[in-house]
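**Student:** Here is my input; please provide its structure:
(3 chains, ligands or ions: 2)
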Amino acid sequence: MDAIQFLIQQQSEIIEIVLLSLLVSGSATIISALIGIPLGAWIGLNNFVGKGLLLRIVYTLMALPPVLAGLVVYLILSRSGPLGELEWLFTPSAMVIAQCLLVTPIITGLSAAAIASKEGIIYDHARSLGATRMQAVWTVISESRTGIIAGIMTGFGRAFAEVGAVMLVGGNIRHYTRVLTTAIILETRQGNFEMGVALGVILLILSFIVSSIVLLNAKDFNLGEV
Amino acid sequence: MNLFEITHLTKVYRDRTVLSIDKLYLERERIYAVLGPNGAGKSTLLRILNLLVEPDSGDIKFVDGQLLKQGHKSYDMARRMCMVFQRPLMFSTSVYNNVAYGLRLRKLPHREIERRVSEAIDFVGMQDFINYPATKLSGGEMQRVALARALVLRPEVLLLDEPTANLDPHSVQVIEEIVRKHHQQFGTSVIMVTHNLFQAKRMADEVILLVGGEVVEKSNAEDFFNNPSNERSKAFLDGTMVY
Amino acid sequence: MMRINKLPLVLMLIVALMVGLVPATMAAEKVESTMTLATTTSTQDSGLLDYLIPIFEKEYKTTVKVIAVGSGQAMEMGKKGDADVLLVHSRAAEDAFMAGKFGSVRKDVMYNQFLIVGPKSDPAKIKGMTDVKAAFKKIATAKKKFVSRGDNSGTHTKELSIWTALKVTPAGRWYVESGQGMGDTLMMANEMNAYTLTDEATYLSWQKKTGLKEMVRGDKLLLNPYGVIAVNPAKYPKIHNKAAMAFVEFMTGSKGQALIGEFGKEKYGKALFTPSAK
Ligand SMILES: Nc1ncnc2c1ncn2[C@@H]1O[C@H](COP(=O)(O)OP(=O)(O)O)[C@@H](O)[C@H]1O
Ligand SMILES: [Mg+2]
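**Tutor:** Ligands and ions are numbered 1, 2, ... in the order given. Sure thing, here's the model as predicted:
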């Protein structure tokens, strides 16, 4: 009950936190998709020396611990690090970068798997119907969309729910880099368990809404043009 | 002008020559049945003709031009033929969009696409399914859509790779009827790989027997079935008849 | 009509502008518009920063980015130039930090107390003692449960220094290392009917949840001094040194010290921190 009252009192701050969470994890997912889908498609569509090794590396990175990703980004963006000049540490940009590190392998790996599983047969059909190489590749990607969308959603879920990386490189700064997960940690540390749970429930509801929106749109896309 | 003039064609997979055709000329506006045991290289031949697989050597002349010469491939010519596979893959979209696929690739005007797609769908008798999700169709229906998707492009050659394997007798009849009708109306050349000797008898003007990647016999269908001149053809016919 | 009506409006606007400008021009010296403070979780979790920082921000027209981490991480941030100012409690490490020329200024700010807290039943019979070493000895001898932070935090360091002074190496089933923050450690001690060493601020804010009782307080060893350090701009020229210096001044000046002395009285009936700037 206290938690609900508190939620209402703190409405504007919570909305701010929610929006930042969506913005950071959303941007990270979009950027990762822009890198991961073409990369995954390339891996899935081509046979080359070292493909197995590359895939194993991608799959390993899918299990990259968030704190480690955060630490790497921290050291790079630190004033004493190679990109310290940018002064990006403890900004939302740093959080996006760290999450990209976590999400890109997921989208790459799952896209590659989705595409490889259908690659040959779709590609041949498209070519036989007169597609150019690029058009056929696009058809393969578009036909693998269920798997790719699953990859994007998995990636978003990972970004949205992770705390180690954003805590480290964002710093959980109030009104600036505080997101749902770091707010939960803070509330828990302060002993406000109910509040922590309430924020957790908000996080889950948002995840549900986001995936519902994506899946509904994906269904539309399903009957769209080639 | 011949349909195909294939010379010195070889294809090797991992040190194994799976296709070796020194010379094979095919005529236009015919229905060819390609027969042969599993692994004889039938699919490989069709895929090479459609430029889906690159042979290790050989040239192919197609009607009025060079489809394949010293590794140089003419995809423009490949666009004048179309292949239908044994297990047709439906794009996960509507029947309409499946059939429109090739026309959209060719950037045809919207109106013309609409007209030709509904014509093709009518042709294969699938008008009631036009907005149906193609992946939800039965095997026979899918194969009809696959045919419409190919025929809508008005190909000069239809390459059919065991198009009726796995289908029930009624569907087989429907598919055969569509192919025959198109052949008669538009003079489409057809090269059809089949395991079904009765089908070959019903459909083919000419038969090509492929064994171990080599053309064992190429002859008029009637001659082939009634008095095969070649010992291996005889053995093949006898052996297969047992089934 | 129009001309008559407009005049007072313009006048009002000018007055409003001037009123608005006065505080701005009067504000102390001009500092960078933003500054990063690295501090320990205890200052954030006790609510002290939420109380002090807005006042400082208003006075100096700057925005403070508070990063609350472990003591060790906060010092590391200073060493890397990722923070402009530190508010920490780890005296030995602070001295080393200054000796390494990582900081330009270090000042005492305040202190709070460590307490030994434990279950009401008090199985080791230490309640009311004032000698922390004696109390630790009793717990160890009786092998009564003790939960240690075990995380190299300031509190953990303090606990270890007491064991070391006693020449006791705590080990065995009675000695539990939680590896967690103070609040979680208090919860764990409560669940296990164990003793633990805690800072007073965290203890007070978690008191209702844990039901743990205060056992030992008042030993000089249990004082927990906080220092404020401005990171050395000579090492990292991009550091927001003016704001950092302003923060040092604010925390150790009369206004900041008075505010610190008041904090917590309303909620807990006593101040959580004792101002100690010289
Ligand atoms: N992609 C490939 N890689 C390796 N071997 C292949 C490949 N495709 C076909 N083959 C081999 O080539 C031979 C001919 O195959 P195919 O043309 O499919 O035979 P058919 O269609 O007559 O049954 C078979 O032995 C087959 O295993
Ligand atoms: Mg085959």
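**Student:** got a list of what A:Arg174 touches?
**Tutor:** Going by CB atoms under 8 Å, 6 or more residues apart in numbering or on different chains, A:Arg174 touches C:Val66. Bear in mind the C-beta positions are built from the backbone N, C-alpha and C, glycine included.
**Student:** got a pLDDT number for it?
**Tutor:** For A:Arg174, the model assigns a pLDDT of 86.
**Student:** Tell me the secondary structure of it, please.
**Tutor:** coil (DSSP: H, G, I helix; E, B strand; the rest coil).
**Student:** And B:Val207, by the same measure?
**Tutor:** Assignment for B:Val207 (three-state DSSP): strand.
**Student:** I'd like to know how far C:Glu249 sits from ligand 1.
**Tutor:** For C:Glu249, the distance to ligand 1 equals 77 Å [CB to the nearest ligand atom, to the nearest Å].
**Student:** And for that residue, the neighbour number?
**Tutor:** Using other CB atoms under 10 Å in any protein chain shown, C:Glu249 has 19 other residues around it.
**Student:** Kindly report the same for the one 5 residues further on.
**Tutor:** Taking other CB under 10 Å as the neighbour definition, C:Ser254 ends up with a count of 9.
**Student:** Distance of it relative to A:Gly157?
**Tutor:** 52 Å (CB to CB, to the nearest Å).
**Student:** Residues touching the host helix or strand of C:Tyr203, excluding its own?
**Tutor:** Using DSSP states H and E, C:Tyr203 maps to helix C:200-210. With contacts defined as CB under 8 Å, 6+ apart, helix C:200-210 is touched by A:190-191, C:42, C:45-48, C:112-115, C:117, C:182-183, C:186-187, C:189-190, C:212, C:214, C:217, C:264, C:268, C:272-273.
**Student:** looking just at contacts, which helices and strands does the next helix or strand along the chain from that helix meet?
**Tutor:** Sequence-wise, the next helix or strand downstream of helix C:200-210 (DSSP H and E) is strand C:213-216. Helices and strands touching strand C:213-216, by 3 or more CB pairs under 8 Å, 6 or more residues apart in numbering or on different chains; DSSP states H and E, are strand C:103-118, helix C:132-142.
**Student:** pLDDT weak spots in chain A?
**Tutor:** A:1, A:219-226 (pLDDT under 70).
**Student:** how close does the residue in chain A positioned nearest to ligand 1 get to B:Gly41?
**Tutor:** Nearest residue of chain A to ligand 1, counting by CB to the nearest ligand atom: A:Gly120, 8.5 Å away. A:Gly120 sits 18 Å away from B:Gly41, going by CB to CB.
**Student:** more neighbours, those two?
**Tutor:** Comparing A:Gly120 with B:Gly41 by neighbour count (other CB under 10 Å), the higher total belongs to B:Gly41, at 23 against 12.
**Student:** Flag every buried residue along stretch C:253-262.
**Tutor:** By 16 or more other CB atoms under 10 Å in any protein chain shown, the buried positions in stretch C:253-262 come out as C:Gly256, C:Gln257, C:Leu259, C:Ile260.
**Student:** among those, which two are most distant?
**Tutor:** For these, with distances taken as CB to CB, the pair at the greatest spread is C:Gln257 and C:Leu259 (7.3 Å).
**Student:** Using CSV, write down the CA coordinates of the helix holding C:Tyr203.
**Tutor:** Taking Å, rounded to 0.1, in the frame of the first residue of the first chain, the C-alpha atoms of helix C:200-210 are listed here in CSV:
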residue,chain,number,x,y,z
GLU,C,200,24.6,4.3,12.7
ALA,C,201,22.8,6.0,9.8
THR,C,202,22.0,2.8,8.0
TYR,C,203,21.1,1.1,11.2
LEU,C,204,18.6,3.8,12.1
SER,C,205,16.9,3.8,8.8
TRP,C,206,16.7,-0.1,8.8
GLN,C,207,15.8,-0.4,12.4
LYS,C,208,12.1,-1.0,12.0
LYS,C,209,12.7,-3.7,9.4
THR,C,210,15.3,-5.6,11.3
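**Student:** Next, the angle from that helix to strand C:103-118.
**Tutor:** Relative orientation of helix C:200-210 versus strand C:103-118 (axes from the mean of the first three to the mean of the last three CA atoms, to 10 degrees): 30 degrees.
**Student:** buried sites along helix C:200-210?
**Tutor:** Neighbour count says helix C:200-210 has C:Glu200, C:Ala201, C:Thr202, C:Tyr203, C:Leu204, C:Ser205, C:Trp206, C:Gln207, C:Thr210 buried, by 16+ other CB under 10 Å.
**Student:** nearest to C:Leu87, of the residues you listed?
**Tutor:** C:Ala201 (13.5 Å).
**Student:** which SS class is the residue in chain B sticking out farthest from the centre?
**Tutor:** The centre of chain B is farthest from one residue, B:Arg111, which by CA atoms, centre = their mean lies 28.9 Å away. State at B:Arg111, reduced to three classes by three-state DSSP: helix.
**Student:** Return the residues in contact with it.
**Tutor:** Not one residue lies near B:Arg111 by CB under 8 Å, 6+ apart.
**Student:** coming back round to it: the residue of chain A closest to ligand 1 falls within a strand, correct?
**Tutor:** No. With three-state DSSP as the criterion, A:Gly120 is assigned helix and is not in a strand.
**Student:** Spell out, range by range, the strands that occur in chain C.
**Tutor:** C:34-40, C:63-69, C:85-88, C:103-118, C:146-148, C:175-177, C:195-199, C:213-216, C:223-231, C:274-275 (DSSP state E).
**Student:** want to throw the ones you listed into a markdown table with distance to A:Gly52 and mean pLDDT?
**Tutor:** Shown next, in a markdown table, are the strands of chain C (distance: least, CB to CB, whole Å; pLDDT from 0 to 100):
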| stretch | distance to A:Gly52 | mean pLDDT |
| --- | --- | --- |
| strand C:34-40 | 45 | 93 |
| strand C:63-69 | 41 | 93 |
| strand C:85-88 | 49 | 95 |
| strand C:103-118 | 52 | 95 |
| strand C:146-148 | 47 | 94 |
| strand C:175-177 | 43 | 91 |
| strand C:195-199 | 52 | 95 |
| strand C:213-216 | 62 | 96 |
| strand C:223-231 | 48 | 94 |
| strand C:274-275 | 64 | 94 |
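**Student:** so which of those strands comes closest to ligand 1?
**Tutor:** Of the strands of chain C, nearest to ligand 1 by CB to the nearest ligand atom is strand C:63-69, at 56.6 Å.
**Student:** Off-centre distance for the closest one?
**Tutor:** 12 Å (CA atoms, centre = their mean, to the nearest Å).
**Student:** Stretch C:47-59 too?
**Tutor:** Counting by CA atoms, centre = their mean, stretch C:47-59 comes out at 13 Å from the chain centroid.
**Student:** pLDDT averaged over that stretch - what is it?
**Tutor:** 94.
**Student:** And the pLDDT for the closest residue to C:Lys265 other than its chain neighbours?
**Tutor:** In space, and not counting its chain neighbours, C:Lys265 is closest to C:Ala271: 5.5 Å by CB to CB, 6 or more residues apart in numbering or on different chains. Model confidence at C:Ala271, given as pLDDT, is 90.
**Student:** cool, B:Thr240 as well?
**Tutor:** According to the prediction, B:Thr240 has pLDDT 55.
**Student:** Could you do C:Met12 as well?
**Tutor:** 49.
**Student:** Equivalent analysis for the one 4 residues further on, please.
**Tutor:** The confidence metric pLDDT takes the value 47 at C:Ala16.
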